[in-house]
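Participant: Quick one, structure for this:
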Amino acid sequence: MAGVYLLFSALWILGSDYLLHLLTRDSELTAEVQTAKGLLFILLSTALIFFVSQRDRHVQRKLLDALTRNSRLLQQTQRTAALGSWEYDGRLHWTPEALQLLGRDLGSQYSSAEQLLSWLYPAERPAVQRALRALFEQHTPMAITARLHQPQQHQTTWLMLRGEVDGNRQILGTVQDISNQKRDENALRESEQRFRQLFEQVPRIAVQGYDRERRVIYWNQASTQLYGYSLQEAMGRHLEDLIIPAHARNKVISAINHWLLGGPPIAAAELQLQRKDGSKVWVYSSHSMLRNNRGQMELYCIDIDLSEQKQIHLELQASEARYRELVERMSDVIVQTDISGHLAFLNPAWEKISGYASYECLGRPLAQFLESADAARFNRQISALDTGQQTSLRGEFRLLTRQGQLHWVDIELSASPSGDMLNGSLHDIHERHQRQQLQHARNAVLDELLAQRPLAHILDGISRRLQDLNPHMLVSIMLLDEQQCLHLIAAPDLPEPYRQAIDGLQAKLELGSCGHCACSGELVIAENLATHPYWQAFRAQTQAADLHACWSLPFKDDNARVLGTFGIYYHQPRRPSQAEIALVTEFTRLASLAVQRLQP
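Facilitator: Next up is the predicted model:
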């Protein structure tokens, strides 16, 4: 303010005198003007001082408001985090928040280091004293935990004391209540100890731990009893050298390394391992990969001795020979029907394959759950069994699941000794059949590529093979041109009027399943074309063609650029299963290969 006033005064005096000298030489007029000039100077300087002082007060008020707000936020943060602060200039200065954490009143706002030590639990005082001395004398940052000395309190208060030297060589620090964290750590440690004791003492369940190099880091008493190695003998030795038979060691090492690198985990299973004396032992072994507190992976194996169970099983086999085949096929569906093919018994595997509960299918013809053409073939073979023309039935059929999907199964039935029942199994071959058909499709596409067949011919063959795998699908393949329009290349079973309606479809968001799919590059599912908003412009055409659901999947080149789409239609509203999406995905790869090889 003084500088502004000095500058203004100098400019006014010098400038006005010079201007007055230029304007008049009359002494009387000059005296009158000088008086007026003085009064004007007083008014202007007063206004200037008032303006500068008001501006300064406004700036100070804003700074004070900001400091007050920041102070409130800091106090709230400290209360929320159970945090207080202090500084040191020969003695310790504590904030009210810090005093509250220390259990002291405002009279202890200033204290010495010795007083602080007296507030702490005696066992922690030497360590805190050394940390404070290193901070005060050597300016070494401090971070140390200590308990408050509270003889009358049942619950211990833990504090974290931190301190450091700032850029102005001033020693500052904080104190924080970490009691909850300490109690949680103690509870976790006690829980770990209890589980460790449980594993140590539980009989007949052998637990071993191995590091990522498969060296033993944990070996309980049950492991000693099962395998014969003492804890001292086992620690530090490799898994494969202890209990894995020689012929299986490379396989086990490979499986563990693959798991460590992110591969599939080792499934729980019955295994034949070996004891210290070389004898074999059957166990049910389950495995778990855990990460320790250093971020390193550790393998834990839990083995249950199956020796007695294996012995009992061998003894039961002799007396239960007539059930052996049934037991061996428990992974398949065990089927029993009367001579006309009506179901009399199904094991739980039936529900997994068909989706139907076993109890609701009993008494119904097995042919009722097969695709119509396959059902007729099955009934003909049942009639041949009934008339004695053949003694057994064996064939591959398409099972119609509860979800309306076709599932390939292998059915084998033969007449019982009494002649009034048919016994056999139903084996799931769907994945194998799909793999075979997919491989046939790959081979056919490669052969056609080598033969330089037209692209349209190859894509038509791909669509037909996909429809053969799932007759409920109506497949269309469209290619995307440079003008972002889709052209229909293959659609064996779509009606011609509908083919003409969608040919030349623009790749545009929310325009049909294929248009949206080609534009977004993502899977699009419309389970009901009558209500889906993307199909509003094509409702008349879809109704006329008896199409009620459609989903579309793009196929792309090696640079992730959309080349075209697969459109899958159904005659009834429905959503595709994950298996159907996976199947069509494999066929999109074949289409992508063909288009990239043949399209200019």
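
Participant: Roughly how far does residue 525 sit from residue 582?
Facilitator: As judged by C-beta to C-beta, to the nearest Å, residue 525 and residue 582 stand 14 Å apart. Heads up, the C-betas are built off the backbone N, CA and C, glycines and all.

Participant: For these two, work out which one has more neighbours and name it.
Facilitator: The residue with the greater number of neighbours, taking residue 525 and residue 582 and applying other C-beta atoms under 10 Å, is residue 525; the counts read 17 against 11.

Participant: partner residues bridging the nearest residue in space to that one that is not next to it in sequence?
Facilitator: If you skip the residues right next to it in sequence, residue 525 has residue 551 as its closest partner in space, 4.3 Å away by C-beta to C-beta, 6 or more residues apart in numbering. The partner list for residue 551 in beta bridges (DSSP bridges) reads residue 525, residue 568.

Participant: Quick one, grab the pLDDT at residue 551.
Facilitator: Turning to residue 551, the model gives it a pLDDT of 95.

Participant: mind listing what it touches?
Facilitator: 513, 523, 524, 525, 526, 527, 567, 568, 575, 576, 581 (C-beta atoms under 8 Å, 6 or more residues apart in numbering).

Participant: so what does the helix or strand hosting residue 286 touch, helix or strand wise?
Facilitator: Assigning secondary structure by DSSP states H and E places residue 286 in strand 280-291. Applying 3 or more C-beta pairs under 8 Å, 6 or more residues apart in numbering; DSSP states H and E, one finds that strand 280-291 makes contact with helix 221-227, strand 269-274, strand 297-305, helix 307-319.

Participant: For residue 547, find the nearest of the ones you listed.
Facilitator: Across these, the minimum distance to residue 547, taken as C-beta to C-beta, is reached by strand 269-274, at 47.4 Å.

Participant: Could you check the closest one and say which residues are buried?
Facilitator: Under the neighbour-count criterion of 16 or more other C-beta atoms under 10 Å, strand 269-274 has 271, 273, 274 buried.

Participant: between the residues you listed, which is closest to residue 341?
Facilitator: Here the nearest of the buried residues of strand 269-274 to residue 341, counting by C-beta to C-beta, is residue 271; it sits at 41.4 Å.

Participant: picking up where we left off before, any idea which of the helices and strands packed on strand 280-291 gets closest to residue 114?
Facilitator: Proximity to residue 114 (C-beta to C-beta) singles out strand 297-305 among these, at 47.0 Å.

Participant: avg pLDDT for the helix or strand encompassing residue 14?
Facilitator: When secondary structure is defined using DSSP H and E, the element that contains residue 14 is helix 2-23. Confidence over helix 2-23, taken as the mean pLDDT, stands at 76.

Participant: how many degrees apart are the helix or strand just after it and helix 2-23 in direction?
Facilitator: Sequence-wise, the next helix or strand downstream of helix 2-23 (DSSP H and E) is helix 27-80. Orientation check (axes from the mean of the first three to the mean of the last three C-alpha atoms, to 10 degrees): helix 27-80 against helix 2-23 gives 160 degrees.

Participant: So which bits of the next helix-or-strand element following helix 27-80 are buried?
Facilitator: Using DSSP H and E, the helix or strand that follows helix 27-80 in sequence is strand 83-88. Buried positions in strand 83-88, judged by neighbour count with 16+ other C-beta under 10 Å: 83, 84, 85, 86, 88.

Participant: Closest to residue 206 out of those residues?
Facilitator: When the buried residues of strand 83-88 are compared for distance to residue 206, the smallest value, 48.5 Å, is given by residue 83; criterion: C-beta to C-beta.

Participant: Leaving out sequence neighbours, find the closest residue to the closest one.
Facilitator: The shortest distance from residue 83 to any residue that is not its chain neighbour, by C-beta to C-beta, 6+ apart, is 4.8 Å, and that residue is residue 176.

Participant: Can you tell me the SS state at residue 560?
Facilitator: What DSSP: H, G, I helix; E, B strand; the rest coil gives for residue 560 is coil.

Participant: next one: phi and psi at the closest residue to it other than its chain neighbours?
Facilitator: Closest residue in space to residue 560, ignoring its immediate chain neighbours: residue 521 at 7.6 Å, by C-beta to C-beta, 6+ apart. In this entry, residue 521 is assigned phi and psi values of phi 70, psi 20 (degrees, to the nearest 10).

Participant: Any figure for the gap between residue 521 and residue 553?
Facilitator: Residue 521 sits 10 Å away from residue 553 when distances are taken as C-beta to C-beta.

Participant: Neighbour count: these two, which is higher?
Facilitator: Neighbour comparison, residue 521 and residue 553: the larger count goes to residue 553, with 21 against 14 (by other C-beta under 10 Å).

Participant: And the more buried one, which helix or strand is it part of?
Facilitator: strand 549-556.

Participant: Any regions of this structure where pLDDT drops low?
Facilitator: Segments of the chain classed as low confidence (criterion: pLDDT under 70) are 20, 24-26, 30, 74-75, 77-81, 191-192, 194-203, 318-331, 600.

Participant: domain parsing for it?
Facilitator: What automatic domain parsing lists as the domains of the chain is 2-74, 81-182, 202-310, 322-428, 434-598.

Participant: And these: which comes nearest residue 316?
Facilitator: Comparing the domains of the chain by C-beta to C-beta, domain 322-428 comes nearest, at 9.3 Å.

Participant: Now do the strands in the stretch 51-200 of the chain.
Facilitator: Counting by DSSP state E, counting those that start in this stretch, the stretch 51-200 of the chain has these strands, from start to end: 83-88, 92-94, 110-111, 142-147, 158-165, 171-177.
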